[in-house]
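> Got a predicted structure plus its sequence, pasted below:
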Amino acid sequence: MKKMNKPLFLILDKVFSDATIDTLYGHFRDSKAWKFIGEGNDNSNWRKFTYLLKKKNKIDNILFFKANEILKNNGLQDSTKLIRAYASGNIYGTVHDIHKDDGATNYNEIITIMFYLNKVWDMSYGGETIFLSPDQQEILNSVIPKPGRAVLFDGAIPHGAREVGRQCIELRMVVSFKYEVI
């Protein structure tokens, strides 16, 4: 992977057809046994639903294929190694802290692809993913969880999901692929 002057950040819209979005949405919302987890005892406010993807699952494999296509289209397939792939979700009242992915401390260590799985998303629902400056004092980007959208970004960018609004009766669902830069 070539060194860049600024961290990788790319919003990709319409990465799936409407029919594929319907399939993914139904699969993850209705067919998966979501687990409600926390991130250790030191951060008990961090809660979300999570599910690990499996390459042998036909529907999960749609996402593995698309993630590989995104890597290839951006010249990253030979310089990254998959660490993990998982679906996560949050609802009104859950907190998602600002973080960097998988212990990244410098740019070009971890690359993340995040797919938004919801079939519909109204702006009033909130739930956007915010990306902050290195000092975490400014929002550099705010990404609405639009159906069929993906974000390819450097995992060292501080980021987190904003709270979902009370009027949203859906589980805000994303699938994240985390890659180590090799």
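Sure thing, it's come through.
> For the rest of this, base every contact and every neighbour count on C-alpha atoms.
Noted.
> mind checking which helix or strand of this protein has the lowest mean pLDDT?
strand 35-38 (a mean of 66; mean pLDDT, DSSP states H and E).
> what about the helices in the protein?
If DSSP state H is used as the criterion, the helices of the chain fall at 18-30, 58-73.
> just flag whichever of those helices has the lowest average confidence.
Ranked by mean pLDDT, the helices of the chain end with helix 18-30 at the bottom, a mean of 93.
> what helices or strands is that helix leaning on?
helix 58-73 (3 or more CA pairs under 8 Å, 6 or more residues apart in numbering; DSSP states H and E).
> which stretches of this structure form strands?
Under the criterion DSSP state E, the chain contains strands at 9-12, 35-38, 47-52, 80-90, 110-116, 129-132, 139-143, 150-154, 159-161, 172-181.
> any chance of those strands in a markdown table, with mean neighbour count too?
Shown next, in a markdown table, are the strands of the chain (neighbours: other CA atoms under 10 Å):
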| stretch | mean neighbour count |
| --- | --- |
| strand 9-12 | 14 |
| strand 35-38 | 13 |
| strand 47-52 | 18 |
| strand 80-90 | 19 |
| strand 110-116 | 25 |
| strand 129-132 | 20 |
| strand 139-143 | 14 |
| strand 150-154 | 23 |
| strand 159-161 | 22 |
| strand 172-181 | 22 |
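> Save the ones you listed as a markdown table, and put in distance to Phe65 too.
A markdown table is the format used below for the strands of the chain (distance: least, CA to CA, whole Å):
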| stretch | distance to Phe65 |
| --- | --- |
| strand 9-12 | 15 |
| strand 35-38 | 25 |
| strand 47-52 | 16 |
| strand 80-90 | 12 |
| strand 110-116 | 12 |
| strand 129-132 | 23 |
| strand 139-143 | 23 |
| strand 150-154 | 13 |
| strand 159-161 | 25 |
| strand 172-181 | 11 |
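> and these, which one is worst for confidence?
Of all those, mean pLDDT reaches its minimum on strand 35-38 (a mean of 66).
> Counting neighbours, which bits of stretch 96-110 end up buried?
For stretch 96-110, burial by neighbour count (16 or more other CA atoms under 10 Å) applies to His96, Asp97, Ile98, His99, Lys100, Asp101, Asp102, Ala104, Tyr107, Asn108, Glu109, Ile110.
> what's the first-to-last distance across it?
20 Å (CA to CA, to the nearest Å).
> Can you give the distance of it from its chain's centre?
Centroid displacement of stretch 96-110 relative to its chain, using CA atoms, centre = their mean, to the nearest Å, is 13 Å.
> That'll do, ta.
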